Structures are given as structure tokens and as C-alpha cells.
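Engineer: sharing a model prediction with you, sequence too.
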Amino acid sequence: MTKATLLIVDDEKSTREGLRAALGERYDVYLAEDAKAAMELLEREHFDVVLTDFRLPNEDGMKLIARAKSLPKPPICILMTAYGSEELAVEAMKHGADDYIAKGRLQIDELEMRIARALRQQNLEVENVSLRQQLDAKFGMENIVGKSPAMEEVFEVVQQVAPTRATVLLQGESGTGKELVARAIHQLSPRASQPIVTVHCAALSPTLLESELFGHEKGAFTGAYERRIGRFEQAQGGTLFLDEIGEIDASVQIKLLRFLGERTFERVGSNKTLTADVRLIAATNRNLEELVKAGSFREDLFFRLRVVEIFLPPLRARSGDVPLLAQNVLREFARENNKPIADFTADAMELLMNYSWPGNVRELRTAIEHAVVLCRGERISARDLPASVREGSASAAVDPQRVLARNDLTVKEAEKQLIIRALKETQGNRTLAARKIGMSRRTLHRKLHAYQLEDY
């Protein structure tokens, strides 16, 4: 393992040499007799630690620390002085010192311990920054790909809602990226340092879902052999993402409604009221308004969930994003599979553009992973794509939505015709028409005015 580099700055040669002899086995030690010589070394080399005397010729150690901390990769700085005092220690910290030690009481064992502790803390901070960057790349807006008007609107709403406490309802077909958007909202929020907890509601029976969400006490039901902490408590201070919210039954809906109103709940089998500071994001691929009309979903809960509503457009409604998405996914899977694949052939991209993608982005990812695995060259060709994509693309009729996305010369007319068709198919229901197109109701109203279609 590479030794940490240590710069010792002291105008007394005996002190410099003595410290080098004591610390040289553990660290790669450099010496400087004054601040000028130290800065020359710091500008040429990167040091992990600077150990400097307070009293130096021409310039004191505090000024040296301030200059060292202004470097692009600042070192850990520890100030030594024979003139120890609490006031001096405070002043040293103000100038950026990471630690302070009096030379009169200097023990090598203690100094080594302090240096090691400071290095551990620095490494932890670097790891935390790296982890946050990885999380941002994985869950932040950078990973939600798209330049279509529908996706630009999603980006705008996500940016606006993320810093707030508002409950968010994500609606869209399966595979459109609802969970990814939920994680982006969390990652861009003040709650980012706290957990985001995900529950897939359709995967659990009503009894198990209630226990999963709110927890249970020992003996609450058959098989409850010990107390269980629910997801609301696990998400304390963070975000709870409820996927497939349309699948929950009436009893769970009531408890969820109470939490949204009062921020309180009870574990199954307990009368003790608990509170949780949790932001709720829900998602569904079902039409909750239709479920409300059918009596299977509470209207009051629907309104509580729909403080901010975000519609995620299906991929067929934004096929202009397919090349961007495909390239992004290709890079990911080529890297994972260690294959030197950089692009698609023209016929392969044509197939990707023409296919209707009933499984949306999830299906696109699977298709490209399939192609990467089978590809024998540096570009994915048509034969590398799954048969379902090749056959579905070849037999598909030209869709106005894909014309809209690909042909800049006909964008306005294609969009107008698309809106007219959606309104006709939904008998003038603007909410359903907006959802079908993949835009919000607000955007649809704006488009109706722009295209003089208010009477439709």
C-alpha cells in the first residue's frame, strides 16, 4: 500500500530531522525550513498531511495553512507550537487547521494517532463525496434521458417539486420509469441524506401489506413471533415510495389516508400512536379516477395523493428520444459486459425507431442488453436485436407520434393531428386525451389554444 505523504515544516533542523526519524517508517516524509520552501513543495507535489510549526521565519504557520487549504486538493493541516493556548487553538481552526498540538507536550505516539485519525476522516469524506456522486449519477436527473417536450415538462416539474414536502403521484404505463423519477425527486430533495424506502404494493396480500407498511406487535396475528418495524418507521426523515398504489385494499387505504392527514399511524396489534416525518411518493399504471368511479379506490385518498401529479409519457409518444436512450443504455451494457461496442448500424436504429415499445423503456433496455450480448462487432446490427423488435418494427404502420418526434419539418402539424385524434378517441375527455398523448392536462390546454382547437 502506498504511504501517505507528510510535509514537516519547522525552522529548527533538529526538530525536522527528529520527526522524520520518528515518522519516516510509516509516512513518506518531506522537510521544509520555512513557509516559502513549504509552498514551493506544495505547488509541485500533493501532500496528504502538513505538520507545521506556528513560529516560522518571515511568515507564521497559520498563514501557511490558509494558503495550503486554498489548493485544489488541500492537505490535512496540523499546527504545532510551543506557545499553546485555547485562543491560539481557536484561531488555528479559523485558518483551516484540522488539529492542533503543543510542542512542549508532544508525544510521538499521540502525534501518530492524530495523523492517522485525520487521514481516516479525510478518506471517509472522500468516500462520501464519491458515493454521493454515484447516487446522483444513478438516481439524479442525469439518468432520466429525453429531450422531447413531454420529458422536458417532466424534468421541470421534478425540479420544482423536489425541494418541497408535497406528496407526489406518478402516473404512466409500466416500464416508463416511475421508480427512477421517484428516486430523482428524493435525491434532489433536502431528504437526500436519509433513506428512500420502496414498497411494491401489488406483491403483497392486504394483511402482509399493512404489516409491511405500519409494522406489527408480537402476537398481532398468526406467525407474528416478534415485533416488526414497518416501512414508515424505516423511512423516518426520508421518502416512502409506494409503487402500484392502485392495488391496495380498503383497510390499508384508510390507514394511509390517516397518515397523510395527521402524519400518525399505529402498528398492527397496537393502540400506541406513532408519528413519522416521511414524504410519500406513489405510483400507478392504472387509472385511479376510474377506480374511484368504480368504488374500489377512495376519492379522498386519491385527492390526498394527487397534490402534485406527474404523467410519464409512453415511449411510443416520444420516439424521438429513442436514439438518445439507446445510446445511453448501449454504453451502460457495453461497459458491464466489457465489449467494445460504440454504436448502432443505420438499419438497427431504424428498427428501434419504428418499433412501438409496448414495454416502454424497460423493454428497450432488455432489447439492447440482448443485442450487446449477441453482437460480434463494434456496432449493433439489425440481426443482433430480438426477433420481437425486428418483426414488430417491420410490420408496424407509420405512427403520427413517431412522425412528430422524428420530422422537424412536420412537428406542429403532426402534433395538432395527434391531439385531434386523441380527443376523438376519448370522446373529448381532455384528461384522458392528455394521458394518451403523454402530456399534462395543463400542456394540452395550452396546445389547444395555440392550435385553435378549444371547441374540440
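Structural biologist: On my side now, so go ahead.

Engineer: so what are the domain limits for this protein?
Structural biologist: Recorded structural domains for the chain (assignment: automatic domain parsing) are 5-132, 143-311, 315-398, 407-450.

Engineer: quick one: mean pLDDT over the stretch of helix or strand residue 350 belongs to.
Structural biologist: Using DSSP states H and E, residue 350 falls within helix 346-354. Across helix 346-354, pLDDT averages out at 89.

Engineer: what helices or strands is the following helix or strand past it leaning on?
Structural biologist: Per DSSP H and E, the first helix or strand lying C-terminal to helix 346-354 is helix 360-374. Contact here means 3 or more Cβ pairs under 8 Å, 6 or more residues apart in numbering; DSSP states H and E; on that basis helix 360-374 packs against helix 322-336, helix 346-354, strand 379-380. Using the backbone N, CA and C atoms, a C-beta is placed for each residue, glycine as well.

Engineer: 10 Å - rerun?
Structural biologist: Helices and strands touching helix 360-374, by 3 or more Cβ pairs under 10 Å, 6 or more residues apart in numbering; DSSP states H and E, are helix 322-336, helix 346-354, strand 379-380, helix 387-395.

Engineer: now residue 6: which helix or strand?
Structural biologist: Per DSSP H and E: residue 6 is located in strand 5-9.

Engineer: just checking: what are the partner strands of that strand?
Structural biologist: Sheet pairing of strand 5-9 (DSSP bridges) gives strand 28-32 (parallel), strand 49-53 (parallel).

Engineer: just put the domains of the chain in a markdown table and tack on mean neighbour count.
Structural biologist: Output for the domains of the chain, formatted as a markdown table (neighbours: other Cβ atoms under 10 Å):
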| stretch | mean neighbour count |
| --- | --- |
| domain 5-132 | 16 |
| domain 143-311 | 18 |
| domain 315-398 | 17 |
| domain 407-450 | 16 |
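
Engineer: lowest mean pLDDT across those, which one is that?
Structural biologist: Confidence, taken as mean pLDDT, is least for domain 407-450 of the domains of the chain (a mean of 72).

Engineer: in JSON lines: the helices and strands packed on helix 360-374, plus distance to residue 160.
Structural biologist: Listed next are the helices and strands packed on helix 360-374 as JSON lines, based on distance: least, Cβ to Cβ, whole Å:
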{"stretch": "helix 322-336", "distance to residue 160": "23"}
{"stretch": "helix 346-354", "distance to residue 160": "31"}
{"stretch": "strand 379-380", "distance to residue 160": "37"}
{"stretch": "helix 387-395", "distance to residue 160": "36"}
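
Engineer: helices or strands up against the helix or strand where residue 442 lies?
Structural biologist: Using DSSP H and E, residue 442 sits in helix 441-450. Counting by 3+ Cβ pairs under 10 Å, 6+ apart, the packing neighbours recorded for helix 441-450 are helix 149-161, strand 308-311, helix 411-425, helix 430-437.

Engineer: out of the ones you listed, the one nearest residue 364 is which?
Structural biologist: The closest of those to residue 364 is helix 149-161. By Cβ to Cβ, the value is 14.2 Å.

Engineer: how far does that closest one sit from the chain's center?
Structural biologist: 15 Å (Cα atoms, centre = their mean, to the nearest Å).

Engineer: next, the angle helix 322-336 makes with it.
Structural biologist: Orientation of helix 149-161 against helix 322-336 (axes from the mean of the first three to the mean of the last three Cα atoms, to 10 degrees) gives an angle of 70 degrees.
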